[in-house]
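Enquirer: Kindly return the folded structure for what I paste below:
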Amino acid sequence: RALKQAVKRNIQRFPNDFMFQLTKEEWQQVITICDNLPKSAKFSPATPFVFTEQGVAMLSSILNSERAINVNIQVIRIFARLRNMVTDNTQIRLEIEKIKNKLENQDKNMEIVFQYLDELLALEEKPIPKRNRIGFKPDEL
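Expert: Next up, the predicted model:
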């Protein structure tokens, strides 16, 4: 309640890309998904505000209680960790793509090797025709 009052008093600090308010339908979806919401929140006549990362940072400038400041610090740290995790995952995905490309190239190379081996085996299976010997033939004496 105090949060909503503080936000409404400082609404100019929260443009649409920092904060928005859920519609009643969206709020009902959240209520059905989240079992552990407090009853006071579930039956509140007003739908809640939703803050982006920048909105959470802006909250710390309008709320002055010690608890609010500590919560905002924790939330900002969580956002920073999430950003690091996304960056790490992106790097991992790039490495996986590199490995996939190498494996595809190796598969192509292996196919070529097996093709040559098949050709060599096919040559071995053909009988070598008897050749007429040329030159001195000791059997003819």
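Enquirer: those helices in this structure, which residues are they?
Expert: 2-9, 24-33, 39-42, 53-62, 66-125 (DSSP state H).
Enquirer: Just name the most buried of the ones you listed.
Expert: Burial of the helices of the chain is given as mean neighbour count (mean count of other C-beta atoms under 10 Å); helix 53-62 ranks first at a mean of 16. The way it works is simple: take the backbone N, C-alpha and C, and place the C-beta from them, glycine included.
Enquirer: now the angle between helix 2-9 and that one, please.
Expert: Counting by axes from the mean of the first three to the mean of the last three C-alpha atoms, to 10 degrees, helix 53-62 lies at 90 degrees to helix 2-9.
Enquirer: any idea how far the nearest residue to residue 63 once chain neighbours are set aside is from residue 19?
Expert: Spatially, and ignoring its direct neighbours in sequence, residue 63 is nearest to residue 6 (5.9 Å; C-beta to C-beta, 6 or more residues apart in numbering). With the distance defined as C-beta to C-beta, to the nearest Å, residue 6 ends up 12 Å from residue 19.
Enquirer: before we move on, what about residue 30?
Expert: According to C-beta to C-beta, residue 30 and residue 19 sit 16 Å apart.
Enquirer: If I look at the residue nearest the centre of the chain, what pLDDT would I see?
Expert: For the chain, the residue nearest the mean C-alpha position is residue 89 (5.7 Å; C-alpha atoms, centre = their mean). Note for residue 89: predicted pLDDT of 78.
Enquirer: now swap in residue 20 and tell me
Expert: pLDDT at residue 20 comes out at 90.
Enquirer: Flag the shaky bits of this protein, pLDDT-wise.
Expert: 124-128, 140-141 (pLDDT under 70).
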